[in-house]
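Novice: Quick one, what's the 3D model for this:
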Amino acid sequence: MTGNPSKRYMLYLDNDPKDSFSPDKSWTILSKARGLFDTKEIIIRDLRIANKFLEFDISMSEQIDINDIIESMKNISSFKEIVKVEEHLDYDKEGLIKKAIILFNEEKYWWAHEKLENVWKKSFGDEKILLNGIILIAAAFVHFQKDENDVCLSILNRAFNKLRNFEGKYYGIDIDRINDIVNNDILSKKKIFLFRI
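Specialist: Numbers count the residues shown, from 1 in each chain. Have a look, this model is predicted:
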């Protein structure tokens with residue numbers, strides 16, 4: 001490709017219960033998806049597998065029609081949705097946090113991380129540390145969706161170290177509950193499971 005890809009999308013395919021794609025299949029499915037395209041004009045950066053969808057991170061040149069990619073990707077599973085990745089310059093702290101909570105609870109951890117990072121960039125002191133801990137949990141679950149469990153546990157440990165000095169609620173996020181789940185249910189047992197915030 002001449003230059004960098006100029007368009008970036010998150011493409012979602014259904015995680016059909018009959019197929020039941022799990023994170024341990026992520027590299028196999030990612031390789032299959034990359035094999036669908038024989039051009040350097042399309043880059044499939046990553047795949048994250050959630051309970052209800054497959055999330056492909058795709059970059060492409062301006063000349064590529066996203067509909068052609070969607071059609072090819074239907075060889076893997078049925079199409080769910082496409083979202084263009086764009087930088088948003090507007091800043092609404094409460095709105096970003098509320099949206100991040102929704103995205104986190106939908107298992108769209110990459111997006112939740114992005115929204116919270118926009119708030120983190122404008123935060124200071126304890127709030128910045130608290131936000132960093134929540135962002136790390138989203139980042140950990142991104143790695144879980146890619147079957148990188150050791151990385152997930154390591155990042156969850158870092159998140160707990162940031163969050164353990166905080167308590168109460170932050171914009172409706174129950175920090176006490178998160179600390180309990182991460183430390184007592186996940187890290188101590190080394191058994192990863194997803195939870196809602």
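
Novice: Against F124, how distant is the most centrally placed residue in the chain?
Specialist: By C-alpha atoms, centre = their mean, the chain has its centre lying nearest to W110, at 2.3 Å. Plainly put, W110 is 25 Å away from F124 if you go by C-beta to C-beta, to the nearest Å. Every residue, glycine included, has its C-beta placed from N, CA and C.

Novice: go on, T39?
Specialist: From T39 to F124 the distance is 46 Å (C-beta to C-beta).

Novice: Comparing those two, which residue is more hemmed in?
Specialist: Taking other C-beta atoms under 10 Å, T39 and F124 do not tie; T39 has more neighbours (11 against 7).

Novice: Where does the more buried one sit: helix, strand or coil?
Specialist: coil (DSSP: H, G, I helix; E, B strand; the rest coil).

Novice: same thing with K162?
Specialist: helix.

Novice: so what's it closest to, chain neighbours aside?
Specialist: G133 (3.3 Å; C-beta to C-beta, 6 or more residues apart in numbering).

Novice: Flag the shaky bits of this protein, pLDDT-wise.
Specialist: Within the chain, the stretches with pLDDT under 70 are 1-5, 17.

Novice: what's L13 in contact with, if anything?
Specialist: Taking C-beta atoms under 8 Å, 6 or more residues apart in numbering, we find L13 in contact with F53, L54, F56, M73, K74, I76, S77, S78, F79, K80.

Novice: What is the neighbour count of the nearest residue to it once chain neighbours are set aside?
Specialist: Leaving aside its chain neighbours, L13 sits nearest to S77 (4.0 Å; criterion: C-beta to C-beta, 6+ apart). A count of nearby residues for S77, using other C-beta under 10 Å, gives 17.

Novice: Distance of S77 relative to K52?
Specialist: 11 Å.

Novice: For D57, give its distance to K25.
Specialist: For D57, the distance to K25 - C-beta to C-beta - is 17 Å.

Novice: repeat for K7
Specialist: Distance from K7 to K25, by C-beta to C-beta: 27 Å.

Novice: re earlier: which residues lie in contact with the residue nearest to L13 in this structure?
Specialist: Taking C-beta under 8 Å, 6+ apart, one finds L13, D14, N15, D16, D19, F21, L54 in contact with S77.

Novice: Which among those count as buried?
Specialist: Taking 16 or more other C-beta atoms under 10 Å as the criterion, what is buried in these is L13, D14, N15, F21, L54.

Novice: Run through the helices of the chain in chain order.
Specialist: In the chain, the helices defined using DSSP state H lie at 26-35, 66-73, 93-105, 109-120, 125-144, 149-163, 175-180.

Novice: how about those helices in JSON lines, adding distance to E86?
Specialist: Shown next, in JSON lines, are the helices of the chain (distance: least, C-beta to C-beta, whole Å):
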{"stretch": "helix 26-35", "distance to E86": "22"}
{"stretch": "helix 66-73", "distance to E86": "14"}
{"stretch": "helix 93-105", "distance to E86": "14"}
{"stretch": "helix 109-120", "distance to E86": "11"}
{"stretch": "helix 125-144", "distance to E86": "19"}
{"stretch": "helix 149-163", "distance to E86": "26"}
{"stretch": "helix 175-180", "distance to E86": "29"}
